[in-house]
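[1] take a look and give me a structure for this.
(one chain, ligands or ions: 1)
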Amino acid sequence: MRRRVLTSEILHPAVGFQAQRGQVEVRWDPLTGHSARLVSAARLLPASDFDLSALAAETQASCFFCGPRVLEVTPRLLPAIHPEGRIRRNQALLFPNILTYSQYSSVSIYSPDLHFLPLERMTARLVADNLAVQVEFVQAVMRFDDEASWASINANHMLPSGSSLFHPHVQSSVDPVPSTMQRLLADVGADLFDDYLETEIRLGERYVGSTGSVEWLASFAPQGFNELRALVPGIASPSQLQPEQIEELGEGIARMLNLYGELGYQSFNMAIFGAPPTQDGYVLNLRLVCRSNVQPLYRSDVTYFERLHWQAMVDGSPEELAERARDRLRS
Ligand SMILES: [Zn+2]
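    Numbers count the residues shown, from 1 in each chain. Below you'll find the predicted structure:
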């Protein structure tokens with residue numbers, strides 16, 4: 001685990017312009033080599049209690065994803081991909097994305113009735129059902145098209161995360177080519193994945209716990225705020241997730257989102273990075289990060305560091321986050 005603490009020295013106005021030292025820690029991700037800077041004594045992502053329910057009411061009347069309009073205005077899948085045209089599981093509903101972001105892109109809502117879903121109200125049932133329709137979609141696409149082997153299941157939750165719609169939803173992409181991060185992760189190799197997980201379990205300070213076949217940890221060198229990672233050893237693609245693993249992931253993700261809600265955050269991004277199902281030694285993995293809250297005069301959590309240097313600048317410590325997340329997984 002590579003890290004380096006950098007020390008600054010300035011003449012500080014708060015202490016009569018006497019010399020004062022400051023520190024920033026740079027860490028490198030063991031899997032991809034991406035670096036992160038951990039800034040202490042800063043509040044870069046303020047929590048907020050901004051009332052989202054007013055925004056929910058304002059956006060609901062024209063929402064494409066609210067029932068019953070969702071069935072009239074969203075597209076259907078080709079019958080050769082899925083005979084029903086849309087995929088359902090309890091309240092979850094999946095349909096193709098009306099915009100072509102990928103060769104095969106889908107949207108799945110947690111429910112046509114859940115226009116407003118604060119993170120503290122996210123449940124294992126809602127997340128697992130949503131994941132289940134996405135997995136069924138990815139499987140159907142892969143049966144339909146041999147070339148479409150790179151799948152990912154992702155979420156932009158609330159406007160600051162990149163979502164254009166208020167109504168909470170999950171998206172997936174299945175393409176014949178990987179995204180940049182999928183390619184970097186696919187190059188990691190089985191030994192490094194194994195070593196990373198074994199090291200984190202042995203060190204323990206960032207290890208959150210296991211739900212059986214899914215391992216949770218806080219990122220050593222996060223790409224975003226409060227970043228949590230899950231690894232599913234033994235499978236390479238979301239298409240290979242078994243029903244019990246979907247339940248486990250749903251449980252784990254819901255608990256971590258409840259934690260984000262408890263910490264005062266309402267917007268997040270998630271990516272489950274798949275490689276082709278035949279990729280030997282690849283470990284299916286996800287990353288979950290908090291984004292800025294919706295509120296007037298908010299500060300974006302993406303600065304030139306993240307956007308142009310590919311290096312996250314975060315406050316808080318992954319080790320403290322792991323401590324809090326560990327409790328959520330235990331309860
Ligand atoms: Zn809606």
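[2] gap between the residue lying closest to Glu251 once chain neighbours are set aside and the ion?
    Nearest non-adjacent residue to Glu251, counting by C-beta to C-beta, 6 or more residues apart in numbering: Ala124, 4.2 Å away. (C-beta placed from N, C-alpha, C; glycine too.) Noted for Ala124: a distance of 22 Å to the ion, by C-beta to the ion, to the nearest Å.
[3] pretty sure Ala124 contacts Gly250?
    Yes: using C-beta atoms under 8 Å, Ala124 is in contact with Gly250, at 5.0 Å.
[4] of the two, who's got more company?
    Gly250 (22 against 17; other C-beta atoms under 10 Å).
[5] and that one, that one's in a strand?
    No: according to DSSP: H, G, I helix; E, B strand; the rest coil, the state of Gly250 is helix, so it is not within a strand.
[6] where exactly do the helices run in the stretch 151-300 of the chain?
    180-186, 190-203, 243-263 (DSSP state H, counting those that start in this stretch).
[7] nearest to Val5, of the ones you listed?
    When those are compared by C-beta to C-beta, helix 190-203 sits nearest Val5, at 18.0 Å.
[8] could you check stretch 162-170 against the ion for contacts?
    Yes: on the criterion C-beta under 5 Å from the ion, stretch 162-170 is in touch with the ion at His167.
[9] next, the buried residues of that stretch.
    163, 165-170 (16 or more other C-beta atoms under 10 Å).
[10] widest-spaced pair of those residues?
    Using C-beta to C-beta, the pair of the buried residues of stretch 162-170 lying farthest apart is Phe166 and Val170, separated by 14.7 Å.
[11] now the residue nearest to Ser108 when sequence neighbours are not counted, which residues is it bridged with?
    Counting by C-beta to C-beta, 6+ apart, the nearest residue to Ser108 once its immediate chain neighbours are dropped is Leu94, at 4.0 Å. Assessed by DSSP bridges, Leu94 has beta-bridge partners Ile87, Ser108.
[12] what is the helix-or-strand element of the chain with minimal mean pLDDT packed up against?
    Using mean pLDDT, DSSP states H and E, helix 53-60 stands out as the lowest-scoring helix or strand of the chain, at a mean of 90. The helices and strands touching helix 53-60, judged by 3 or more C-beta pairs under 8 Å, 6 or more residues apart in numbering; DSSP states H and E, number zero.
[13] so after it, what's the next helix or strand?
    The C-terminal neighbour of helix 53-60 among helices and strands, as given by DSSP states H and E, is helix 69-73.
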